[in-house]
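Undergrad: coords please:
(one chain, ligands or ions: 2)
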Amino acid sequence: MPYVVAEPCINCKYTDCVEVCPVDCFYEGPNFLAIQPDECIDCNACVPVCPVEAIYPEEELPEKWEHYTQWNEYLANQWREMGYNITEKSPPMEDAEEWEDREKSEEDILTWDV
Ligand code: SF4
Ligand code: SF4
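TA: Ligands and ions are numbered 1, 2, ... in the order given. A predicted model of the protein is given here:
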């Protein structure tokens, strides 16, 4: 059961999670991070370091975010192919604090131009 990045990560991208992942299975989009499910070894290291509680084991995902399982697989595979593996902490989005409490949805997730 892989771990899944859910909605609170959108437009925050604090990236504390990537620093602790022992297998470097995070992939970066313009305003969201996704975990590649076949690479994740379920170690739980990323969960306590995410400041916005965006990461869950798949079986503990809140129901409203269950579809993020598919989104993580789809986006991580796409971003992996494009070379967007992220392994080092980078600055958060400029308006991350403002977005933390804002209503958002998967429609707000951006992807790279092909
Ligand atoms: S630490 Fe949390 S908010 Fe930041 S990039 Fe990772 S999952 Fe997203
Ligand atoms: S659970 Fe472990 S292996 Fe999976 S994404 Fe988090 S830190 Fe990486």
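Undergrad: neighbours around residue 38, how many?
TA: Other residues near residue 38 come to 9 when the count uses other Cβ atoms under 10 Å. Every residue, glycine included, has its C-beta placed from N, CA and C.
Undergrad: that one and residue 76: what is the separation?
TA: Counting by Cβ to Cβ, to the nearest Å, the gap between residue 38 and residue 76 amounts to 9 Å.
Undergrad: just checking, residue 15 touches residue 96?
TA: No. Contact status for residue 15 versus residue 96: not in contact, 10.4 Å apart, counting by Cβ atoms under 8 Å.
Undergrad: what's the helix or strand for residue 22?
TA: Using DSSP states H and E, residue 22 maps to neither a helix nor a strand.
Undergrad: what does the protein put close to ligand 1?
TA: Proximity of the chain to ligand 1 is confined to 5, 9, 12-17, 33, 50, 52, 54-55 under the rule Cβ under 6 Å from any ligand atom.
Undergrad: rerun that using 8 Å as the cut-off
TA: Listed as neighbours of ligand 1 in the chain under the rule Cβ under 8 Å from any ligand atom: 5, 8-9, 12-18, 26, 32-33, 46, 49-55, 92.
Undergrad: buried subset of those?
TA: When those are checked for burial by 16 or more other Cβ atoms under 10 Å, the buried set is 5, 8-9, 12-15, 17-18, 26, 32-33, 46, 50, 52, 54-55, 92.
Undergrad: now intersect those with the strands, please.
TA: 5, 26, 33, 55 (DSSP state E).
Undergrad: check the offset of whichever helix in the chain runs longest from the chain's centre.
TA: Residue-count comparison of every helix in the chain, with assignments taken from DSSP state H, identifies helix 68-81 as the longest. Remark: helix 68-81 is offset 10 Å from the chain centroid, using Cα atoms, centre = their mean, to the nearest Å.
Undergrad: which other helices and strands contact that helix?
TA: For helix 68-81, the elements it packs on are strand 3-5, strand 26-28, strand 33-35, judged by 3 or more Cβ pairs under 8 Å, 6 or more residues apart in numbering; DSSP states H and E.
Undergrad: then the following helix or strand past it to PDB, C-alphas only?
TA: The C-terminal neighbour of helix 68-81 among helices and strands, as given by DSSP H and E, is helix 96-100. This file holds the C-alpha atoms of helix 96-100, laid out as PDB (Å, rounded to 0.1, in the frame of the first residue of the first chain):
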ATOM      1  CA  ALA A  96       2.100  28.900   0.000                       C
ATOM      2  CA  GLU A  97       1.000  30.300   3.400                       C
ATOM      3  CA  GLU A  98      -2.100  31.900   1.800                       C
ATOM      4  CA  TRP A  99      -3.000  28.700   0.000                       C
ATOM      5  CA  GLU A 100      -2.700  26.500   3.100                       C
END
